[in-house]
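# Attaching a predicted model along with its sequence, questions to come.
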Amino acid sequence: MTTANNVQLILDNINQEMISLDIWQSTLPNKEALKSEAPFCCDTLSFSQWLEFVLLPKMTMLIDSNMPLPNEFEILPMAIESWKNEEKDMTVLISLIEQLDAAFK
């Protein structure tokens with residue numbers, strides 16, 4: 001399996017897990033929120049929103065366009081910090097994000 005195929009599989013699994021946890025939104029944030037230049041759009045979006053509306057579409061676009069994937073990638077610390085007080089069991093989703101990070105090492 002190529003790196004791109006592996007990454008796409010992980011992204012698909014993240015998507016599915018977010019739906020299962022009921023943290024997937026159907027409403028796109030406003031354009032201004034998506035234009036944030038802060039890391040993870042932390043000043044305008046929740047981490048879950050950033051995953052759904054920024055990371056997943058951008059990574060899928062890179063894969064679909066056969067463009068180079070990032071050389072470095074580490075979002076696990078932000079995921080852990082963002083969800084540390086979450087009442088839902090985020091274990092599977094955090095594990096998937098750990099797998100995503102590992103795909104770029």
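Perfect, thanks for sending it. Numbering: from 1, shown residues only.

# This protein: helices as residue ranges?
Here the chain has its helices, by DSSP state H, at 3-20, 31-34, 47-50, 56-64, 76-82, 91-102.

# now those as TSV including mean pLDDT and mean neighbour count?
Quick note: C-beta positions are derived from backbone N, CA and C, even for glycine. Listed next are the helices of the chain as TSV, based on pLDDT from 0 to 100; neighbours: other CB atoms under 10 Å:
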stretch	mean pLDDT	mean neighbour count
helix 3-20	96	16
helix 31-34	88	12
helix 47-50	96	21
helix 56-64	96	14
helix 76-82	96	15
helix 91-102	97	17
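
# May I see those arranged in a markdown table, with distance to Pro70 as well?
Listed next are the helices of the chain as a markdown table, based on distance: least, CB to CB, whole Å:
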| stretch | distance to Pro70 |
| --- | --- |
| helix 3-20 | 10 |
| helix 31-34 | 19 |
| helix 47-50 | 15 |
| helix 56-64 | 8 |
| helix 76-82 | 14 |
| helix 91-102 | 11 |
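
# And those helices: which comes nearest Cys41?
Comparison of the helices of the chain against Cys41 by CB to CB identifies helix 47-50 as nearest, at 5.0 Å.

# name the helices or strands packed onto that closest one?
helix 76-82 (3 or more CB pairs under 8 Å, 6 or more residues apart in numbering; DSSP states H and E).
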